[in-house]
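[1] Any chance you could fold what I've pasted below:
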Amino acid sequence: MISFLALAGTVLFGASAAMAAPGADVRPVPVIVVVKVPTPAGVTPERLRAGFEQAVPTFKAAPGLMRKSFTIGDDRNFGGVYFWQSRAAAEGFYSDAWRARILQTYGAPAVVEYFEAPLSITGQAVNAVTER
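    The predicted model follows:
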């Protein structure tokens, strides 16, 4: 069964980077990061949105950041979904200093989750209204 799955993955999706020929151009795999920060008591969604607008220049200047969507969760969290060129770029942004600043500013640590994104597409329904 395992050899069938490996063969099917190779046929359907191509060889993995690990199977690439020696000297082949192996680029870093993009990474999606989901960040959640507990929303402090009394902070409204409107206040969060205003803070997002103020933060846009900071994120536009972040090395390796390809895309970011600001998020407000139903579970009293806010944060974002980030699309980075590589895990190294993402980890460079979420430094110990960044984590300490989040803890000091919001009174709770951020949850940061990393996901490899070896393939991404853009669908037909791209909403230009939310683009900056």
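
[2] alpha carbons only for contacts and neighbour counts from here, please
    Will do.

[3] On the C-terminal side of the lengthiest helix in the chain, identify the next helix or strand.
    As assigned by DSSP state H, the longest helix anywhere in the chain is helix 45-60. Counting by DSSP states H and E, the next helix or strand C-terminal to helix 45-60 is strand 65-72.

[4] mind saving the C-alpha coords of that next one as PDB?
    Extracted in PDB, the C-alpha atoms of strand 65-72 (Å, rounded to 0.1, in the frame of the first residue of the first chain):
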ATOM      1  CA  LEU A  65       5.900  38.500   3.600                       C
ATOM      2  CA  MET A  66       3.800  37.800   0.500                       C
ATOM      3  CA  ARG A  67       0.300  38.300   1.800                       C
ATOM      4  CA  LYS A  68      -1.500  39.000   5.100                       C
ATOM      5  CA  SER A  69      -5.100  38.900   6.000                       C
ATOM      6  CA  PHE A  70      -6.100  40.400   9.300                       C
ATOM      7  CA  THR A  71      -8.600  38.300  11.300                       C
ATOM      8  CA  ILE A  72     -11.100  38.800  14.000                       C
END
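
[5] Residues in contact with it: which ones?
    The contact list for strand 65-72, computed with C-alpha atoms under 8 Å, 6 or more residues apart in numbering, reads 45, 48, 52, 59, 78-85, 89-90.

[6] backbone phi and psi for V34, please?
    Main-chain dihedrals, V34, degrees, to the nearest 10: phi -110, psi 120.

[7] what's the neighbour count on it?
    The number of residues packed near V34 is 18, by other C-alpha atoms under 10 Å.

[8] Now the closest residue to it other than its chain neighbours: which helix or strand?
    Once flanking residues are discounted, V34 sits nearest to V81: 4.7 Å by C-alpha to C-alpha, 6 or more residues apart in numbering. Remark: V81 resides in strand 77-84, with elements defined by DSSP H and E.
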